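In: sequence-free structure coming up:
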């Protein structure tokens, strides 16, 4: 596979065989350096465009998880306090690494990112530490997850003092 750089943060993936493409495409969202890497299929008239996503998947680590919660229902219920659970990593699914559970969670542009989650277990309240590998920062102007506030197309233009003074003299 080749990774070719395009404009505006886009990349072109070139595959040497159909099986590799099928494997990559079937996995849906990929993560590079903890950030979602969203795929679009190429066609003859393809022009890369940034979609207006209102939600994105992120990886979350949940520490101090009681052993009684180490099942798909328990982990899913806890992760749903952050967003919509999508999948667990293999080590979490197979219960090989019990120091933390790592879950992919779909969060929207209004998500809060708690550092701790309180869980009631047989009448006792347990505090679970939450760690985010990466988290989106929605635009201050339009709440989009696809650009920074400084480059928002709907951002009101600010005028310099000189421009304000020039118009005041008219």
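Out: Sure, I can see it. Worth saying up front: this structure is predicted, and the values here are computed from it rather than measured.
In: hmm, which helix or strand of this protein has the shakiest average pLDDT?
Out: helix 161-169 (a mean of 51; mean pLDDT, DSSP states H and E).
In: so for residue 170, what's the pLDDT?
Out: For residue 170, the model assigns a pLDDT of 47.
In: packing partners of the helix or strand harbouring residue 127?
Out: Using DSSP states H and E, residue 127 sits within strand 124-132. Counting contacts by 3 or more CB pairs under 8 Å, 6 or more residues apart in numbering; DSSP states H and E, strand 124-132 packs against strand 55-63, strand 116-121. For glycine as for every other residue, the C-beta is placed from the backbone atoms N, C-alpha and C.
In: same question for the shortest one, mean pLDDT?
Out: If you average the pLDDT over strand 116-121, you get 92.
In: repeat for the first one
Out: Across strand 55-63, pLDDT averages out at 90.
In: what residues sit buried inside it?
Out: For strand 55-63, a neighbour-count test (16 or more other CB atoms under 10 Å) marks 55, 56, 57, 58, 59, 60, 61, 62 as buried.
In: need those residues in a markdown table (columns: distance to residue 73).
Out: Supplementary listing: these in a markdown table, determined by distance: CB to CB, whole Å:
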| residue | distance to residue 73 |
| --- | --- |
| 55 | 23 |
| 56 | 25 |
| 57 | 20 |
| 58 | 21 |
| 59 | 20 |
| 60 | 17 |
| 61 | 19 |
| 62 | 14 |
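In: ok now the strand holding residue 127, how far from the chain's centre?
Out: Its chain's average C-alpha position is 21 Å from that of strand 124-132, according to CA atoms, centre = their mean, to the nearest Å.
In: buried set for it?
Out: Neighbour-count burial for strand 124-132 [16+ other CB under 10 Å]: 126, 128, 130, 132.
In: could you do stretch 5-16 as well?
Out: Buried residues in stretch 5-16 (16+ other CB under 10 Å): residue 13.
In: quick one: which of the buried residues of strand 124-132 is nearest to residue 113?
Out: Using CB to CB, residue 132 comes nearest to residue 113 of the buried residues of strand 124-132, at 6.0 Å.
In: what score does that closest one have for pLDDT?
Out: 92.
In: same question for residue 106.
Out: 90.
In: tally of neighbours for it?
Out: 16 (other CB atoms under 10 Å).
In: ok, what's across the strand from the residue lying closest to residue 127 once chain neighbours are set aside?
Out: Spatial nearest neighbour of residue 127, excluding adjacent residues (CB to CB, 6 or more residues apart in numbering): residue 116 at 5.1 Å. Assessed by DSSP bridges, residue 116 has beta-bridge partners residue 129.
In: residue 130 is in contact with residue 116, correct?
Out: Yes. Residue 116 is within contact range of residue 130, at 6.3 Å (criterion: CB atoms under 8 Å).
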